[in-house]
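Q: with the input below, show me the fold.
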Amino acid sequence: MSGGLVALLDDVAAIAKLAAASVDDIGAAAGKAGIKAIGVVVDDTAVTPRYVAGFAPERELHIIWRIARGSLRNKLAFILPAALLLSQFLPWAITPLLMLGGTYLCYEGAEKLYEAVAGHHEGAEEDPAQRNSSAHEEQMVSGAVRTDFILSAEIMAIALAEVADQNFFARALILAVVAVMITALVYGVVGLIVKMDDFGLRLAERGSSAGRAFGRGLVRGMPAVMSLLSSVGTAAMLWVGGHILLDGLEKFGVTRPVRVLHEDAHRAGHAVPFGSGAVEWAVETMGSGMVGLLVGAAVVVGMHMLGRKH
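A: Numbers count the residues shown, from 1 in each chain. Purely as a prediction, here's the structure:
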């Protein structure tokens, strides 16, 4: 009896060690996949704060929490099952679907630029009560979650490509970990950004003399930071959308646009003795952004023409 119990305990210990190793492997794979998607994560972080601009300070964290929940729901309830099923049964369909989402991002970015140039600033004619109304909040949260869906799909697609050699259940677990990890990172940072002025105000009222000066600087500087992030968010839509389209074309065998852009970036990097990597990244980013702007502008023109007909 005791020998059987010892054997059973040995088996349990072996299973526990195997489970621990599997958890470690999944964590490592999730971390690696998340790092590969970090560029899109930065864009997601830059895009989101503009949806919170203009709301009363006491509503900001609530709105971010609603967007974060919507983002996690996007990833776990829709994108993750779809990505797993498509990768298992229809892997060829992933690229065109991503390109469709990339086109939508290009449209969103170009539409924001059009509104800025034409003077149709969202909320410019609304009074504070309208901007803080439940209807306006619902509209902004829905818009943020809709945009997040495309960025989340790109993040999950990049992560999926990194773990394509894993079995089905391992892929599912790794992508679920990536979804939770990325969502917490993005919206944690967004929450810190949008509440930084409140932190500055508290410092200005209660801190030491140096703290009060720093707090006043934060309060004065945060509107400019938020405005800059809004601009970066719009540019990120165009860059990510253009990058998705170029990457999709390359996968379909249309390699010339990507090759020309890469060669131009490589030449520009070699022309600069220091920081060649940063220069190459900047050139490729601007090239992707120009593609996104051209595609987005074409969609905006088409949508406005359809709107006039109706």
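Q: mind listing what's buried in stretch 162-177?
A: Neighbour-count burial for stretch 162-177, counted by 16 or more other Cβ atoms under 10 Å, picks out E162, V163, Q166, R171, A172, L173, I174, L175, V177. All C-beta atoms are positioned from the backbone trio N, CA, C, and that covers glycine.
Q: rebuild the residues you listed as TSV, extending it with secondary structure.
A: Shown next, in TSV, are those (DSSP: H, G, I helix; E, B strand; the rest coil):
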residue	secondary structure
E162	helix
V163	coil
Q166	coil
R171	helix
A172	helix
L173	helix
I174	helix
L175	helix
V177	helix
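Q: so among these, where is pLDDT lowest?
A: When the buried residues of stretch 162-177 are compared on pLDDT, E162 comes out lowest, with 72.
Q: low-confidence stretches in the protein?
A: 1-44, 46-47, 53-54, 120-132, 207, 309-310 (pLDDT under 70).
Q: rewinding a little: return the member of the buried residues of stretch 162-177 nearest to D264.
A: Using Cβ to Cβ, E162 comes nearest to D264 of the buried residues of stretch 162-177, at 27.5 Å.
Q: mind listing the strands for the protein?
A: Counting by DSSP state E, the chain has no strands at all.
Q: kindly list the longest helix within the protein.
A: In the chain, taking DSSP state H as the definition, the longest helix is helix 209-251.
Q: hmm, E280 and A268 touching each other?
A: Yes - taking Cβ atoms under 8 Å as the definition, A268 is a contact partner of E280 at 6.6 Å.
Q: which elements pack onto the longest helix of the chain?
A: helix 38-47, helix 94-118, helix 134-162, helix 168-194, helix 196-206, helix 256-270, helix 276-309 (3 or more Cβ pairs under 8 Å, 6 or more residues apart in numbering; DSSP states H and E).
Q: what packs against the fifth one?
A: What it means is helix 196-206. helix 209-251.
Q: what is the orientation angle of the helix it packs on with helix 168-194?
A: Compare the direction of helix 209-251 with that of helix 168-194 by axes from the mean of the first three to the mean of the last three Cα atoms, to 10 degrees and you get 140 degrees.
Q: the residue nearest to E111 when sequence neighbours are not counted: neighbour count?
A: Nearest residue to E111, sequence neighbours excluded (Cβ to Cβ, 6 or more residues apart in numbering): V300, at 5.5 Å. For V300, the count of nearby residues is 20 (other Cβ atoms under 10 Å).
Q: so who does V300 touch?
A: Contacts of V300 were listed using Cβ atoms under 8 Å, 6 or more residues apart in numbering, and they are Y107, A110, E111, Y114.
Q: now the residues you listed: which count as buried?
A: By 16+ other Cβ under 10 Å, those give Y107, A110, E111 as buried.
Q: wait, which of those is closest to T48?
A: Comparing those against T48 with Cβ to Cβ places E111 closest, at 17.2 Å.
Q: right, and the closest one touches G296 too?
A: Yes - under the criterion of Cβ under 8 Å, E111 makes contact with G296 at 7.3 Å.
Q: coming back round to it: now the buried ones among the contacts of V300 in CSV, please, with extra columns for distance to F199.
A: Converted to CSV, these look like this (distance: Cβ to Cβ, whole Å):
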residue, distance to F199
Y107, 36
A110, 35
E111, 33
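Q: related to what we said a few turns ago, what's the most distant pair in the contacts of V300?
A: Longest span within the contacts of V300, Cβ to Cβ: Y107 and Y114, 10.2 Å.
Q: isn't V299 right up against E108?
A: No - under the criterion of Cβ under 8 Å, V299 is not in contact with E108, lying 9.5 Å apart.
Q: compare these two (neighbour count), which wins?
A: Neighbour count, other Cβ under 10 Å: between V299 and E108, E108 has more, with 24 against 17.
Q: wait, what's in contact with A265?
A: A265 makes contact with V279, E280, W281, V283, E284, G287 under the criterion Cβ under 8 Å, 6+ apart.
Q: grab the nearest non-local neighbour of the fourth one.
A: If you skip the residues right next to it in sequence, V283 has A265 as its closest partner in space, 3.9 Å away by Cβ to Cβ, 6+ apart.
Q: spatially, what comes nearest to L293 if we skip its sequence neighbours?
A: Of all residues not flanking L293 in the chain, L238 sits nearest, at 5.2 Å (Cβ to Cβ, 6+ apart).
Q: that neighbour reaches K112, doesn't it?
A: No - using Cβ under 8 Å, L238 makes no contact with K112, being 9.2 Å away.
Q: more neighbours, these two?
A: L238 (29 against 22).
Q: residues contacting that one?
A: L105, C106, G109, A110, S288, G289, G292, L293, G296.
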